[in-house]
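In: sharing a model that was predicted from the sequence below.
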Amino acid sequence: MLPIVLLLAGLLPTGCADGSYDSTSERLDMMDSPQVESLLQRSAEGEPRGAEQASQSPAALQAMLAYVYDYSFSLPYGAVREVADAHAQACMAAGPSRCQVLEASSYQSGDDSVTATLRMRAEPSWLDGFSERAVADVDAADGALTSRSVTTEDLTAQIIDSGARVRALETLRTRLEALLATRDGELKDLLETERELARVQGELDATKARLASLRARVQMSIVTMNYRTKRSAVSGSALAPVGEALGDALGVFAQGMAAVIYFVAGAIPFVLFLGLPLFFLIRWELRRRRRLTEKATASPPAA
């Protein structure tokens, strides 16, 4: 009997250039398993492989795009939180199948500045009407739309590849299950087949989860709304740096005085142990020179 590793190496259909399973069928024929061969033939006549789908004309494939929207609003101080909360409530009222709130936060800065962020996942048809209402709400609150952007990511190839991978893994899982059900081999071969089946099942679950995530990104768009306080020509926050500087002036002066005190305190030992001996040495030298000068002046000149 061929080792089970060699058998499993040919089971994955992605290695066949023409989408057939001839090499795998030969291996299974050698094991004289009519049930497995019948299963193999049914699988070979199933749906097309991902490579064949990807090779179709681009016009025949519907582009699967993930959209990300970004809005920025400028509002009066008192309207920032009110408008942001109203938009979050509108999303929650639409239900999780149409809109999901991913993040809702606000931040207070000073007495006249507040910012808020609302991040949602929304169904495109609902989002069209909501975005218009959101801009109207901001206008009604004496605010303005300051920026708007949209980015797209084409997930068509990733979704097709993931779908083909899921089908291939499902086919491989079915064949492994058939091998376990119809073959009586050595214990080590059966255990190896069971381990391979568990590995394939784990990879299949992960691929399905990835495929579901990709499809969710296509079905529902990501929307980020940023709200900030509208700045006036002269505001308290604009003069805040001056007030902070005046308030810190006393502290800066105290720090300077502390630095002087530290310097004096650090210099005293040097003055005591080095300065005093040097002072007395200089004083003694000056006196000695003065005595020599007086002595020379008092002595009469030689005849």
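Out: Yep, it's here.
In: Ser105: neighbour count?
Out: Using other Cβ atoms under 10 Å, Ser105 has 10 neighbouring residues. To be clear about C-beta, it is placed using only N, CA and C from the backbone, and glycine gets the same treatment.
In: so it, which of the three states?
Out: strand (DSSP: H, G, I helix; E, B strand; the rest coil).
In: contacting residues for the closest residue to it other than its chain neighbours?
Out: Leaving out its chain neighbours, the residue that sits closest to Ser105 by Cβ to Cβ, 6 or more residues apart in numbering is Thr117, at 5.2 Å. Counting by Cβ atoms under 8 Å, 6 or more residues apart in numbering, Thr117 makes contact with 84, 103-106, 224-227.
In: what's the per-residue pLDDT of Thr117 here?
Out: Here, the pLDDT recorded for Thr117 equals 93.
In: same deal with Pro3?
Out: 41.
In: quick one: low-confidence parts of the stretch 101-250 of the chain?
Out: 183, 185, 232-240, 242-243 (pLDDT under 70).
In: how about the helices in it?
Out: 124-140, 156-182, 187-219, 236-270 (DSSP state H, counting those that start in this stretch).
In: just the ones you listed: most buried one?
Out: helix 156-182 (a mean of 18; mean count of other Cβ atoms under 10 Å).
In: other SSEs contacting that helix?
Out: If contacts are counted by 3 or more Cβ pairs under 8 Å, 6 or more residues apart in numbering; DSSP states H and E, helix 156-182 sits against helix 34-44, helix 50-54, helix 187-219.
In: now the second one: average pLDDT?
Out: This means helix 50-54. Throughout helix 50-54, pLDDT has a mean value of 40.
In: go on, the first one?
Out: Average pLDDT, helix 34-44: 40.
In: what is Ser147 paired to in the beta sheet?
Out: Counting by DSSP bridges, Ser147 forms beta bridges with Ser72.
In: wait, Val150 sits on Tyr69?
Out: Yes - using Cβ atoms under 8 Å, Val150 is in contact with Tyr69, at 5.2 Å.
In: which of these two has more neighbours?
Out: Tyr69 (17 against 11).
In: in a helix, that one, correct?
Out: No - per three-state DSSP, Tyr69 lies outside any helix segment and is strand.
In: got the contact list for it?
Out: Tyr69 makes contact with 127, 131, 148-150, 221-224, according to Cβ under 8 Å, 6+ apart.
In: again, 10 Å this time
Out: Going by Cβ atoms under 10 Å, 6 or more residues apart in numbering, Tyr69 touches 120, 122, 127, 131, 148-151, 221-225.
In: with Glu285 instead?
Out: Glu285 neighbours (Cβ under 10 Å, 6+ apart): none.
In: pLDDT at it, what is it?
Out: Looking at Glu285, its pLDDT is 84.
In: from Arg291, how far off is it?
Out: Separation of Glu285 from Arg291 (Cβ to Cβ, to the nearest Å): 11 Å.
In: repeat for Pro277
Out: 21 Å.
In: which non-adjacent residue is nearest Ala141?
Out: Ala79 (4.1 Å).
In: that neighbour: neighbouring residues, count only.
Out: Residues lying near Ala79 (other Cβ under 10 Å) number 21.
In: surely Val218 touches Glu123?
Out: No - at 11.1 Å, Val218 does not count as touching Glu123 under the criterion of Cβ atoms under 10 Å.
In: so Asp154 makes contact with Leu214?
Out: No - using Cβ under 10 Å as the test, Asp154 is too far from Leu214 to be in contact (11.2 Å).
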